[in-house]
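Colleague: Give me coordinates for this.
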Amino acid sequence: MVSTAKTNGSTAPRQRSLSIYSDVEHKRIINVTHLIPYELEINEKEQHHWTLKPRHEHSALYSGIRSLEAEWDTLIIGYVGEIHYDQEEGGKLMEPTQFTADHKATLLELLQKDRVLPVFLDEAEHHGHYEGYCKSVLWPLFHYMLWDAVTDGRVEKINWDQYVKVNQRFADQIIEVYRPGDIVWIHDYHLLLVPEMLRKRLPEAPIGLFIHAPFPSSEIFRCLPKRNEVLNGMLGANQIGFQTYSYASHFISNCTRILGYESTPKGVDTQGSIVAVSTFPIGIDVQEVEEQRKNPGVATKMSGIREMYTDKKIIVGRDKLDLVKGVMQKLQAFEKFLIDYPQWRNKVVLIQVTSPALTESPKLERKVSELIAHINGTFGSLEFTPVHHYHNHAIDQDEYLALLSVADIGLITSVRDGMNTTSLEYIMCQRENHGPLILSEFTGMAGSLSSAIMVNPWDYTGVAKAINEALEMSKEERKAKHLQLYNHITAHTAGYWAKSFIKELCSYLITQEQSKSTPYLKVDSLLNQFRKSNKRLILLDYDGTLTPIVRTPSAAIPPKAILKALKTLALDSRNNLWIISGRDQEALDEWLSDIPGLGLSAEHGSFIKYPNTGKWVNLTEDVDMGWKTDVMEIFSYYTERTQGSSIEHKRCSITWHYRQADPVYGAFQAKEMQNHLESAIMPKLPVEILLGKKNLEVRPTLINKGEIIKRLLGNTPDVDFVFCAGDDKTDEDMFRALRKSDLDEEFIFCTTIGSASKKTLAQWHVGSPEEILNVLTRMIEIDY
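Modeller: Numbering: from 1, shown residues only. Reported below is the predicted structural model:
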């Protein structure tokens, strides 16, 4: 594609009438990629004459995005990448300092006509973001390669800061053009922080994220120093897509094990809001490959290759010379094949084309060259060379497709690969020849191409056996296997991938819209009622409401700002201020007993301490606690078998904690214990089970926070303002008691801490304990 920058303005965006949602019409998808879909050349002699050439790398991604244009308006946002002078001016790279404001203006005008919005980065930003963090930290980690360099961390901090900065630049660019109803689709590991950045500024925006790379297990990913920031950045999306089920499963496991979030096989629960996680295998643009195969140049190249390798079986491979692409494994397996199956010597050639690695590895290049020389020296002759290696060879598209078309076997031995679309292009080029595909089980395509011959690239004997099997395969079997592969590829194209992702995202958002949504707390209305009231009841949970949930319960010490706010509010005689917690008396006394005028309730309503009395009242004195023996027996059984779990003994209840245990196994054991208790204890004893955050509690029936609320309402007639805040299931008892009381609804402000989609009896929600502190602080400003 060749275009000039002499234009009078960008074309107006097309308006389409596609309505996916019930209430809002969505017409545009903002696709956010690291690079724009074009390589740029400039001719300075012709007043900034720009040439746009399709970017060959990531062609499946760009084809998928472009396929959406049939039904949607689309906009692509990406970094411009390297800019070259055209061939008339030597084709050299333009230095960043040579890129002027005039260059930017003309390029921006040209790209906007094609609905592409460029992001301009300076040299430091690009180097720190891409060379420094993406290539040196994230890419190796995602491909299961840990770093071997030991540093003091200063360089890593600089690169991380640039990664954050560039992600923020992309987010700012999106926000600048975002319109209500747009869908934002972000791609790959270069932009993992953008979803969260957008969510903070555009809370209602539909956001999708697709990761084109593998995603490692938690044992690998937890090595990343910024693991929490990266995972939380990704969880700003509504839906996250991966190439395979295992990658999606690894991501969910990371969120559970590292962040401590609850999860299901379909998503991650982030403070009550479910982020959907699913699998969307990518394809290629089948029509484009078919058209390219019909170019006259392809047939000419095919004839040349056949003439060069007359009477020889051709095995073809094309890979980047990265460690993860398995070129060394392929060569060692081919050597093993020549040793184990001598009948094929002088009859089979391996043509291996390699392009430069993402991260340079001179050591690997040297090893590959030495191994090829060894194989050719051992099994070759003056008339025959078994391995032909073309490294950094400027192979054009016609040569590439011709090579795939004449091959008898396609051999891919990646030891870790996110997708590998070469396998798909090979199958498309084998419509006449029906050559088998030997595919590593560690590629992202392995789950989709079941009719390929699957191999473990580390098993050289197994790969050698697969090569022999492919060479001896009958024409009928080759044709049948190829037909199955071909039908799958033509049905699951890049367009199918893109449409499936967007369709699934829209369906998920419709479901979220249709479910009950708790509105955000109207603080001004609350404060207005607070100002008018004369008798106020302020009821607050502790963990997760006044302080964030922490891994070690004893570390949840109240911040100074919270203590100050509670002390000030308690001084006003109009305020009846209560902390109603699941904590035991000792913890509440240690942290809060020195606040005059503050009422306390411990162990979910088992104990109460009225303001300024200094004495705890046991509300379960007349309750038989004989059930504890039977429950302790079951608790002890599961504690012995669940490493990291513990039992907390309270006067009126027993709690089993598994926050320190393996999150997945802990949750499994909690479910098993619940089933055990429900079948063996509950039918015969007056107790109930309370499921909390990483804990399970057994307590007497009719002892809960709701009973405390009823008691306080009975002791406080003429209440004309109630603010009740809590974050988990135990606090729903408070909300239920208040909503069923005789108080006027306009006096009650039941508020849960969590997302709007969280199931709750509360009328309102806020996002975090910090927002509860803000409400308390503003109450103080009214009183004083």
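
Colleague: For residue 402, which residues are in contact?
Modeller: Taking C-beta atoms under 8 Å, 6 or more residues apart in numbering as the criterion, residue 402 is in contact with 298-302, 304-305. For glycine as for every other residue, the C-beta is placed from the backbone atoms N, C-alpha and C.

Colleague: got the residue ranges for the strands in the stretch 501-650 of the chain?
Modeller: Secondary structure of the stretch 501-650 of the chain (DSSP state E, counting those that start in this stretch): strands at 536-540, 575-580, 598-602, 607-609, 617-618, 646-649.

Colleague: Give me the sheet partners of the fifth one and which way each runs.
Modeller: In other words, strand 617-618. Its sheet considered, strand 617-618 pairs with strand 607-609 (antiparallel) by DSSP bridges.

Colleague: State the mean pLDDT of the partner strand.
Modeller: Averaging pLDDT along strand 607-609 gives 93.

Colleague: who touches it?
Modeller: Outside strand 607-609, the residues touching it (C-beta under 8 Å, 6+ apart) are 585, 588, 599-602, 615-619, 651-652, 708, 711.

Colleague: one step back: want to throw the strands of the stretch 501-650 of the chain into JSON lines with mean neighbour count?
Modeller: Formatted as JSON lines, the strands of the stretch 501-650 of the chain follow (neighbours: other C-beta atoms under 10 Å):
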{"stretch": "strand 536-540", "mean neighbour count": "24"}
{"stretch": "strand 575-580", "mean neighbour count": "24"}
{"stretch": "strand 598-602", "mean neighbour count": "25"}
{"stretch": "strand 607-609", "mean neighbour count": "22"}
{"stretch": "strand 617-618", "mean neighbour count": "13"}
{"stretch": "strand 646-649", "mean neighbour count": "14"}
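
Colleague: right, so of these, which gets closest to residue 556?
Modeller: strand 575-580 (12.7 Å; C-beta to C-beta).

Colleague: CA-only coordinates of the closest one in PDB, if you can.
Modeller: The C-alpha coordinates for strand 575-580 follow below in PDB (Å, rounded to 0.1, in the frame of the first residue of the first chain):
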ATOM      1  CA  ASN A 575     -23.500   9.800  67.000                       C
ATOM      2  CA  ASN A 576     -23.900   6.200  68.300                       C
ATOM      3  CA  LEU A 577     -20.800   4.700  66.800                       C
ATOM      4  CA  TRP A 578     -20.300   0.900  66.800                       C
ATOM      5  CA  ILE A 579     -17.600  -1.500  65.500                       C
ATOM      6  CA  ILE A 580     -19.300  -4.900  64.800                       C
END
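
Colleague: Report the inter-axis angle for that strand versus strand 536-540.
Modeller: 20 degrees (axes from the mean of the first three to the mean of the last three C-alpha atoms, to 10 degrees).

Colleague: and strand 575-580, what does it pack onto?
Modeller: Packed against strand 575-580 by the contact rule (3 or more C-beta pairs under 8 Å, 6 or more residues apart in numbering; DSSP states H and E) you find strand 536-540, helix 560-571, strand 598-602, helix 705-715.

Colleague: The last one versus strand 575-580: what angle between them?
Modeller: Going back to what we said before, that points to helix 705-715. Angle of helix 705-715 versus strand 575-580, following the same axes, to 10 degrees, is 160 degrees.

Colleague: what comes into contact with helix 705-715?
Modeller: 537, 539, 541, 576, 578, 580, 599, 601, 604-605, 608, 619, 719, 724, 726, 730-731, 733-734, 736-738, 741, 743.

Colleague: Quick check: closest non-adjacent residue to residue 96.
Modeller: Of all residues not flanking residue 96 in the chain, residue 123 sits nearest, at 4.5 Å (C-beta to C-beta, 6 or more residues apart in numbering).
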